[in-house]
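# sequence? don't have it. structure:
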């Protein structure tokens, strides 16, 4: 019996940025593209069944890049539309907590990155950009 892959490396499942994700702020669009790339790296690493050390490195990159993006986004919002800042900060904190918990679970062998984790990351970012971030796009 063939070994079942924990993650599907099907190119059609890659998280791809397109103009529908544009929030009209070039720096934030570029960062969103970068986040999509990191999640796709995680999908590829998982499908290749790489060592835990490599997966943890990608998770750390996801955390660091996300935290930087959130700081930049919040700084721009503070200048433009303070009314949306609190909601953004709440969403950002939830995501960063998720990534920290994922890192701890993977590091301690409680959980591995599998298709369910990747679906969560894909869905979270798509919904966050299209539903939460789009609220501020009219100010750019």
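Good, I have the coordinates. Small disclaimer: the values here were computed from a predicted structure and weren't measured.
# C-alpha only now, for contacts and for neighbours.
OK.
# mind listing the helices for this protein?
Listed in chain order, the helices of the chain (DSSP state H) span 26-47, 52-80, 85-107, 115-127, 134-137.
# do you know which of those lies nearest residue 16?
Comparing the helices of the chain against residue 16 with Cα to Cα, the closest turns out to be helix 26-47 (6.6 Å).
# Now do the closest one: which elements does it pack against?
Applying 3 or more Cα pairs under 8 Å, 6 or more residues apart in numbering; DSSP states H and E, we find helix 26-47 packed against helix 52-80, helix 115-127.
# one more time with 7 Å
helix 52-80 (3 or more Cα pairs under 7 Å, 6 or more residues apart in numbering; DSSP states H and E).
# returning to what we had before: could you identify which of the helices of the chain is most buried?
helix 26-47 (a mean of 19; mean count of other Cα atoms under 10 Å).
# before we move on, back to that, need the helices of the chain in TSV with mean pLDDT and distance to residue 20, can you?
Listed next are the helices of the chain as TSV, based on pLDDT from 0 to 100; distance: least, Cα to Cα, whole Å:
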stretch	mean pLDDT	distance to residue 20
helix 26-47	96	11
helix 52-80	96	18
helix 85-107	96	20
helix 115-127	95	10
helix 134-137	93	10
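# Can you redo those as JSON lines, where the extra columns are distance to residue 14?
Listed next are the helices of the chain as JSON lines, based on distance: least, Cα to Cα, whole Å:
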{"stretch": "helix 26-47", "distance to residue 14": "6"}
{"stretch": "helix 52-80", "distance to residue 14": "16"}
{"stretch": "helix 85-107", "distance to residue 14": "19"}
{"stretch": "helix 115-127", "distance to residue 14": "9"}
{"stretch": "helix 134-137", "distance to residue 14": "22"}
